[in-house]
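Visitor: need a 3D model of the following:
(2 chains)
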Number of protein chains: 2
Amino acid sequence: MNTNGKFFSFNNNFTLIDHQLFMLISYVRFLILMIKASKRSQGISYAIRDVVLPAKELEKKGIEVLHLNIGDPNKYDFDTPQHMKDTLYKVANEGYNGYAPSEGYLELRDAIVNREHKRNNIDYSSDDICITTGVTESLQILLNASLNISDELLIPGPTYPQYTLITRFNDAEPIAYRCIEEEGWQPDVNDIRKKISKRTKGIVVINPNNPTGALYSKKVIKEILDIAGEYQVPVISDEIYDDITFDGKQYATATLAKDVPIITFNGFSKVYLVPGWRIGYVMFHHSGELDEVQDAFMRIARSRLCANSVCQLACIQALKGPQDHIEKVNQKLRKRRDFSYKRLNEIEGISTAKPDGAFYIFPKIEAMEKRLWKDDKEFVLDLLHEAHVLVVHGSGFCSTYGKGHFRAVILPQVETLEKAFDKLEQFMKKKLSKIS
Amino acid sequence: MNTNGKFFSFNNNFTLIDHQLFMLISYVRFLILMIKASKRSQGISYAIRDVVLPAKELEKKGIEVLHLNIGDPNKYDFDTPQHMKDTLYKVANEGYNGYAPSEGYLELRDAIVNREHKRNNIDYSSDDICITTGVTESLQILLNASLNISDELLIPGPTYPQYTLITRFNDAEPIAYRCIEEEGWQPDVNDIRKKISKRTKGIVVINPNNPTGALYSKKVIKEILDIAGEYQVPVISDEIYDDITFDGKQYATATLAKDVPIITFNGFSKVYLVPGWRIGYVMFHHSGELDEVQDAFMRIARSRLCANSVCQLACIQALKGPQDHIEKVNQKLRKRRDFSYKRLNEIEGISTAKPDGAFYIFPKIEAMEKRLWKDDKEFVLDLLHEAHVLVVHGSGFCSTYGKGHFRAVILPQVETLEKAFDKLEQFMKKKLSKIS
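Guide: Model prediction:
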C-alpha cells in the first residue's frame, strides 16, 4: 500500500494495489474518445525548435548544453540599440497600446520606403508595404493568398523550413531546387530551369541564405530573374539578413528585376536585433501583375487585425536612428565565421563551405558515409547526448539537399565556439576510432 | 502638349498626345499577365476593418467621422496600467528582446495557472497553456490543428467574424446557431441540438459575446455542455472579455465542464487594455481526449516561433500587479451601456437588447422592413456618408442571424455617444420622413 498518502507513487513503494489502480486508470483512459488532429497538421514539425525538447530533458538533469541551434543574436553578446528600447517606452507612455492599422503604421512604411530608396534604389509606394508579425506571417499570408491545391513553389534546397511547411499547409507542393555546396551553396540555375513548370507559382530566393549563409552573386540572381521572366512567375525574395554580410555585397532582387514581379520579405529581427519583437514586412514590386494577390493579401491582413503596435513604432526609430551597430555586428560575426570555418574544416569527418552572410554555417558530415548513424537527425541527437552540443540536422532544412549536414549558428563568442567544436572533435574522434 | 514637363498631367492641360499615351499605357497594362489570387482567399473580407476604407476616404476630404466601429478601448479614454508599461521598458533593458519559447514564457503561463485557480477554481498545468499573438492566432492554430475538409463547427449567430473566416479557410463549414435577441442574445440551445451532427468538431461559445454583449447564463452554458457531452465534441470557449461585465457574473465554461473537453481562449487585449500588444492564450482542459489536437497545436506553434517577448513579460506584471483598473473600466462602461441602451431605444426605427458585458451593443434596424436600404451594409454606408457615423453592418457577423442589425461600440464618452446617436436619430428621421 502506498505509504505517503498520495494516490500514486512510482518509487519503491509501488505495490500491487497501486499497480491495479494504475492499470484501471490506463484502461479508462483507453476508453476515452481521442479527438483526432487534422490531416493537414500531421506532417508539421519544425526541426529548429523540435530538437530543443531533448536538450531540455538533459538540462533538467543539470547538464549544461551548448546551444548552437537558434538564430537569435540576443541570446549571445548582441543587444538591441538603446534608442529602440527608449522609443518603445516612449510610445507605450504616449498611449500607442491600442490596435495598429492592419497594413502597419504609415510612418513606419514611409521609413521603409526611404530605406529602399537609399539602399536599393527602388521607389516603393507605402501602399505596397504591409507590416506583419515577423516574416513568418508575411509568408503565411502570401501563400494563403496565392497558392491553390497542386500548385508548386520552387524553394532553395536547403531552405528555411517554413517555406516547405506553409506551402504544404496550403495543399501545394514545395519543389526544392539544388544549391551547390562546392560553390558556397549558390543556387543551381540549371536545376531551377529543369524544375520550373506550368504549375510553378513562384521562385523563392533566400539571400543571404538561412541555413547555408550563402550570399547570392549578382549573376545568379539575374539568371533566376531571366527564368522567372520567361515563365512569367514572380520571385519571392527573403532578405531578412540583407545587411549581415562579411565580404560581398547583398543585392536586393527587386533592384535587378526589371519587369519581373518581386515580392520581398524583410524585417527587424536580425539586422536590428529584436527577434522577439516579431516585426517583419512584405513589399510588392510589380506593374500590376500582382494586383489581385496583393488585394487578397491585404484582405487577409485585415482579418488578422495587426502587428504589435508599440514595437512597430520603435522600429521607426530603428530606421531613423544611428546605424553604427550594424558594422559592429558584422565585425564580430566575421571573426566568428572565420574561426568556425577554419576550425570545422580541421575536424575529421566534417567539412564546410564558407558562409558570407547571415549567422549560420552548414557543414557536411563526411563521416555519414561510414554509416555510423542512421541519418543526420540521429547524428544530432547522438552529439547532443554524448557531447552536449546542440545543432540542427540538415534534413530538417531539406530532405534532399540538406541531408547529411547540420546547421550551426556562428553567433556565440569564439571561446564558446571553440569549446563546442572541441567537443565535436572529440566526439568524432571517438566515433571514428571505433570503426577504424 | 503637356506644359509642365511631366509625362502625365490630369489637369486642364490634358491634351490629345497625353490622351494617346494614356491609352497606350492602359493597353500595355491590359496585356500584363495578371497573377491570380488563391481560391481560398476569394471569400475573405473582414467587415470590422473593411468599413474603415470608405471612412478614410471621407476623412481625407477633411470630414470628421465618429468611429463606433472598432473594439479598441485605448482609442478612447482607457489606458494601459502604468506598471505594465514600466515592466515593458524594464524587460527590454534587461535584454529580453530575443525569441521567447514557442509555448510562451513559463512565468507567464504560471501566472495564468494562478489566475485560473483563483478566479475559476480550475487547476491547469502550465503545459496545457500556450501564449499566442492574440486570440486570433490561438484560433488559427487550433482550427489548423483540428479541422479537416467538410468538418463543421457550430458557431454563435451572430459571431466574431474570424470564427467563420478561419473555419472556411480550413475547408470546413461554419454552422451558425441562433442566439435569441429577445432574451438578450442568449444561445438557442434547441437550435444547437438541431444542428449538431456527426460532422461537428466543436461548439463555439463567446462569453461575454462579441458582437452582442450577451453574458451567458450558467443554465445555458450547462445545457450546451450537456449536448457537447452527449455528442462527445469539445467546446471552444472564447472568454477574452471575461472580467468586463456590468450586472451579472461570468462563468468560465471549463468551471462547469465536468467531463467535456474545453478549449478556452483568453488574452490581455481587453481586460488589461493592450490590444496592440497582441498577447492571447489558449488553455486545454480535458482528460486526454485532446492529446492529439494539443500535440498538433504545439507543433504548429513551434513552426511559427513565438509571441512577442517583451509584451509577454509585461503581461506577467498585469496579472501580478494591482487589478483595480478593472472595476474602474466597468464603472465607466456600465454608464455608457446604460446611456446607449436607453438612447438607442428612443430612436425611431431602431431597437436594441441590453448588453451585459464586453463593449458592444447590437441594435436592430427595425426600419429595414421599409426597404429603405438594400441591406444592412447599405444602411451602414448611407449612415457613414450622410451622418458621418461609422458602425459595422450586422451581416458582417452572421449573414443569417446578424443581418438587419449593426454593431456599435459603447466605448466613447457619453458626450460622444450622444453626438453619434443624435446624428443617427436625425438620419433615421430624415429617411423615414421621406416614405411617410
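
Visitor: every contact and neighbour count from this point should use C-alpha atoms.
Guide: Noted.

Visitor: let's verify residue A:270: helix, strand, or coil?
Guide: coil (DSSP: H, G, I helix; E, B strand; the rest coil).

Visitor: whichever strand or helix holds residue A:236 and chain B in contact?
Guide: Per DSSP states H and E: residue A:236 is located in strand A:235-238. No. Strand A:235-238 stays clear of chain B (C-alpha under 8 Å from any C-alpha of the partner chain), getting no nearer than 12.3 Å.

Visitor: so for that strand, mean pLDDT?
Guide: Averaging pLDDT along strand A:235-238 yields 98.

Visitor: with just CA atoms, put it into PDB.
Guide: Provided in PDB are the C-alpha atoms of strand A:235-238 (Å, rounded to 0.1, in the frame of the first residue of the first chain):
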ATOM      1  CA  VAL A 235      10.200  35.800 -57.400                       C
ATOM      2  CA  ILE A 236       9.700  35.700 -53.600                       C
ATOM      3  CA  SER A 237      12.800  37.200 -52.100                       C
ATOM      4  CA  ASP A 238      13.500  36.700 -48.400                       C
END
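
Visitor: hmm, who's touching that strand?
Guide: A:202-207, A:225, A:228, A:253, A:260-266 (C-alpha atoms under 8 Å, 6 or more residues apart in numbering or on different chains).

Visitor: go back to those and keep what's next to chain B.
Guide: The subset of the contacts of strand A:235-238 within reach of chain B, counting by C-alpha under 8 Å from any C-alpha, is empty.

Visitor: mind checking which of the residues you listed land in strands?
Guide: A:202-206, A:262-266 (DSSP state E).

Visitor: got a list of what the residue nearest the centre of chain A touches?
Guide: Taking C-alpha atoms, centre = their mean as the criterion, residue A:160 is the residue nearest the geometric centre of chain A, at 4.7 Å. Residue A:160 sits next to A:210-211, A:397 when contact means C-alpha under 8 Å, 6+ apart.

Visitor: quick one on the thing from earlier: let me have the ones in strands among the contacts of strand A:235-238 in JSON lines, extended by neighbour count and pLDDT.
Guide: Shown next, in JSON lines, are the ones in strands among the contacts of strand A:235-238 (neighbours: other C-alpha atoms under 10 Å in any protein chain shown; pLDDT from 0 to 100):
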{"residue": "A:202", "neighbour count": "26", "pLDDT": "97"}
{"residue": "A:203", "neighbour count": "24", "pLDDT": "98"}
{"residue": "A:204", "neighbour count": "22", "pLDDT": "98"}
{"residue": "A:205", "neighbour count": "22", "pLDDT": "98"}
{"residue": "A:206", "neighbour count": "27", "pLDDT": "98"}
{"residue": "A:262", "neighbour count": "26", "pLDDT": "98"}
{"residue": "A:263", "neighbour count": "24", "pLDDT": "98"}
{"residue": "A:264", "neighbour count": "26", "pLDDT": "98"}
{"residue": "A:265", "neighbour count": "24", "pLDDT": "98"}
{"residue": "A:266", "neighbour count": "24", "pLDDT": "98"}
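
Visitor: CSV for those residues, including distance to residue B:366?
Guide: Below are those laid out as CSV (distance: C-alpha to C-alpha, whole Å):
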residue, distance to residue B:366
A:202, 50
A:203, 54
A:204, 53
A:205, 56
A:206, 56
A:262, 50
A:263, 48
A:264, 49
A:265, 48
A:266, 50
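
Visitor: quick one: low-confidence ranges for the stretch 1-150 of chain A?
Guide: A:1-32 (pLDDT under 70).

Visitor: 80 instead?
Guide: Low-confidence segments of the stretch 1-150 of chain A, defined by pLDDT under 80: A:1-33, A:43, A:45-50.

Visitor: now the helices for it?
Guide: A:16-31, A:47-50, A:52-60, A:82-93, A:106-120, A:134-146 (DSSP state H, counting those that start in this stretch).

Visitor: right, is the fifth one up against chain B?
Guide: No. Contact between helix A:106-120 and chain B is absent, the nearest approach being 13.4 Å (criterion: C-alpha under 8 Å from any C-alpha).

Visitor: which helices and strands sit right next to that helix?
Guide: strand A:129-133, helix A:309-320 (3 or more C-alpha pairs under 8 Å, 6 or more residues apart in numbering or on different chains; DSSP states H and E).

Visitor: for residue A:321, which non-adjacent residue is closest in space?
Guide: residue A:83 (7.4 Å; C-alpha to C-alpha, 6 or more residues apart in numbering or on different chains).

Visitor: how far away is that neighbour from chain B?
Guide: 11 Å (C-alpha to the nearest C-alpha, to the nearest Å).

Visitor: relative orientation of the helix or strand that residue A:230 is a member of and strand A:262-267 in degrees?
Guide: Element membership of residue A:230 [criterion: DSSP H and E] is helix A:218-231. Angle of helix A:218-231 versus strand A:262-267, following axes from the mean of the first three to the mean of the last three C-alpha atoms, to 10 degrees, is 130 degrees.

Visitor: follow-up on the earlier one: out of the contacts of residue A:160, who's nearest chain B?
Guide: The nearest member of those to chain B, counting by C-alpha to the nearest C-alpha, is residue A:397 at 12.5 Å.

Visitor: what's around residue A:112, how many residues?
Guide: By the measure other C-alpha atoms under 10 Å in any protein chain shown, the count of residues near residue A:112 is 24.

Visitor: can you tell me which residues contact the closest residue to it other than its chain neighbours?
Guide: Of all residues not flanking residue A:112 in the chain, residue A:319 sits nearest, at 7.6 Å (C-alpha to C-alpha, 6+ apart). Listed by C-alpha under 8 Å, 6+ apart, the contact set of residue A:319 reads A:111-112, A:115.
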